[in-house]
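> Below are the sequence and a predicted model; questions follow.
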Amino acid sequence: MESFGARLHRAVTERGPLCVGIDPHPGLLARWGLTDDVRGLDRFSRTVVEAIGDRVAVVKPQSAFFERFGARGVEILESTIRQLRDAGALVLLDVKRGDIGSTVAAYAAAYLDPASPLYADAVTASPYLGVGSLAPMFDLAATHGGGVFVLALTSNPEGAAVQHARAADGRTVAQTVIDEISQLNRGAEPLGSFGLVVGATIGDTGHDLSGVNGPLLAPGLGAQGATAADLRTVFGTSLSSVLPSYSREVLNAGPDTGALRAATDRVLAECRAAVTAS
Ligand SMILES: O=C(O)c1cc(=O)[nH]c(=O)n1[C@@H]1O[C@H](COP(=O)(O)O)[C@@H](O)[C@H]1O
């Protein structure tokens, strides 16, 4: 069975270094002329899948925007994940889960077991109950060729108060997360299956990402103010592992599928130039 890291490496080689988020904000539904209900949610998600499912390496549905409609919203999330996978995109389900280990095992079963209705290629996870508490996710991901992206340095301004705090050994909390994920990816080729989330908005924080050997998801581009040109400052010599991620910047171009594709092509060209420039 092929690992998530290998599948991601191939997808990025074939389709380019880009993740597009599906974040059906109420304001976006209105902008697209859709109702703020499950019908609007379904139409929005289908339109995004139709426009970009066959051309973007990774698509990241944000679960909260589906959960807000209850069981029928989650049903649409399940169907969106299936449609995306059928279109050949890798699905990174943005759920940012974290809990004590025995409960994390249940989250792992929900998202990383191929038998689950919400099965996705990878999930986002929060390490603030300790990176070790996420072990059941790492284990199930490894068993089934899935991936886990762990928050390290988030794109929001509030994150630094926690993530830049120093642990007893002098490292920042973020660096301890980075180092533990690096261990998990040691020796993996062509790329490890365990990723980190590092916001494109954070500037040069002096964290050492050189040993990660896994994907670095970079949200915060576009609507949150960062540009592709900022990736060099944030990631330095680790640029080749960066997976830039945009949601509203692309989604604002809808509902026209041609306009969504054009927005996707534009940000991909910017990211390609930023990631490959020497
Ligand atoms: O894990 C994430 O994807 C994430 C981490 C982070 O540090 N910052 C961040 O914005 N995100 C998510 O990335 C998306 C950003 O959306 P836009 O600001 O519209 O591009 C949202 O779904 C956020 O939940």
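Received, thanks.
> Would you list the phi and psi of residue 242?
phi -80, psi 140 (degrees, to the nearest 10).
> Check what pLDDT it gets.
Per-residue pLDDT puts residue 242 at 98.
> Write out the residues of the chain neighbouring the ligand.
21, 23, 62, 94, 96, 124, 154-156, 197, 199, 219-220, 222-224, 245-249 (C-beta under 6 Å from any ligand atom). Where C-beta positions appear, they are placed from N, C-alpha and C, glycine not excepted.
> hey, where'd the helices end up in the stretch 151-278 of the chain?
160-163, 173-184, 230-235, 248-251, 257-276 (DSSP state H, counting those that start in this stretch).
> And those: which comes nearest residue 38?
Distance to residue 38, taken as C-beta to C-beta, is lowest for helix 248-251 among the helices of the stretch 151-278 of the chain, at 18.2 Å.
> re earlier: mind giving me the PyMOL command for buried ones among the residues of the chain next to the ligand?
The PyMOL command for the buried members of these (criterion: 16 or more other C-beta atoms under 10 Å) is given here:
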select buried, resi 21+23+62+94+96+124+154+155+197+199+219+220+222+223+224+245+246+247+248+249
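> Among the residues of the chain next to the ligand, which ones are in strands?
The strands, defined by DSSP state E, take in 21, 94, 96, 124, 197, 245, 246 from the residues of the chain next to the ligand.
> Highest mean neighbour count out of the helices of the stretch 151-278 of the chain?
Mean neighbours per residue, mean count of other C-beta atoms under 10 Å, is largest over those for helix 248-251, with a mean of 23.
> and it, how far out from the chain's middle?
Here the centre of helix 248-251 is set off from its chain's centre by 15 Å, with C-alpha atoms, centre = their mean, to the nearest Å.
> just checking, what packs against it?
strand 19-22, helix 257-276 (3 or more C-beta pairs under 8 Å, 6 or more residues apart in numbering; DSSP states H and E).
> ok, the ones in strands among the residues of the chain next to the ligand vs residue 1, which is closest?
Of all those, residue 1 sits closest to residue 124, with 22.3 Å by C-beta to C-beta.
> Surely residue 114 touches residue 144?
Yes: the criterion here is C-beta atoms under 8 Å, and residue 114 meets it with residue 144 at 5.6 Å.
> higher neighbour count, the two?
Taking neighbours as other C-beta atoms under 10 Å, residue 114 and residue 144 compare with residue 144 leading, 17 against 9.
> Contacts only, for that one.
1, 112, 113, 114 (C-beta atoms under 8 Å, 6 or more residues apart in numbering).
> Kindly reformat the helices and strands packed on helix 248-251 as CSV and extend each row with mean pLDDT and distance to residue 148.
As requested, these are exported to CSV (pLDDT from 0 to 100; distance: least, C-beta to C-beta, whole Å):
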stretch, mean pLDDT, distance to residue 148
strand 19-22, 98, 15
helix 257-276, 96, 22
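> So for the closest residue to the ligand within the stretch 1-150 of the chain, what's the pLDDT?
In the stretch 1-150 of the chain, the residue that lies nearest the ligand is residue 62 (3.9 Å; C-beta to the nearest ligand atom). With respect to pLDDT, residue 62 scores 98.
> re earlier: mind checking which of the helices and strands packed on helix 248-251 is nearest residue 167?
The closest of the helices and strands packed on helix 248-251 to residue 167 is strand 19-22. By C-beta to C-beta, the value is 29.7 Å.
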